[in-house]
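Peer 1: What would the 3D arrangement of this be:
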Amino acid sequence: MVTWIAGLVVARTLSPTTLEFRDYRTATTTGFAVDLLCLFPVSCNAMPNSRAPAEIVVERLAQYLGPHTARVAVKSFSLRVLGLQVERITRADVPALLEALRPMLKTMIGTQRSEVLLRDLAKEIAP
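Peer 2: All right, here's what the predicted structure looks like:
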């Protein structure tokens, strides 16, 4: 299967987890293969077919804060505390992110609920 990306780059599927890219803007005929499991930094640090750690945190927070507020909170705290974009958060970064979210969660959903939520998230995303 061949897919046009921005009308200039062609991606050809080599295997279920690998794509080959060719850039026809520069008339190059050589391509490079990309392992889809490691296309994004998050997926390289996770088990194959597992979700990104930040995605899990957002999903769980959304149950209490709503989806938009949860996404904004994770994005803001990951930038401020970790200095990382959400897509680059690894499982090893999650404990620091959860600690940074603790005061906000205590204020928004209460101490008891926030402690249970943070404890469950830490267990679920443990490195």
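
Peer 1: got the buried residues for the helix ranked longest in the chain?
Peer 2: The helix that spans the most residues within the chain, counting by DSSP state H, is helix 94-109. Residues of helix 94-109 classed as buried under the neighbour-count rule (16 or more other CB atoms under 10 Å) are Val94, Leu97, Leu98, Ala100, Leu101, Met104, Leu105, Ile109. No exception for glycine: its C-beta is placed from N, CA and C like everyone else's.

Peer 1: following it, which helix or strand shows up next?
Peer 2: Elements were assigned by DSSP states H and E; along the chain past helix 94-109, the next helix or strand is helix 111-124.

Peer 1: ok, back up a step: JSON lines for the buried residues of helix 94-109, including pLDDT?
Peer 2: Compiled in JSON lines, those are given as follows (pLDDT from 0 to 100):
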{"residue": "Val94", "pLDDT": "93"}
{"residue": "Leu97", "pLDDT": "94"}
{"residue": "Leu98", "pLDDT": "95"}
{"residue": "Ala100", "pLDDT": "95"}
{"residue": "Leu101", "pLDDT": "95"}
{"residue": "Met104", "pLDDT": "95"}
{"residue": "Leu105", "pLDDT": "95"}
{"residue": "Ile109", "pLDDT": "93"}
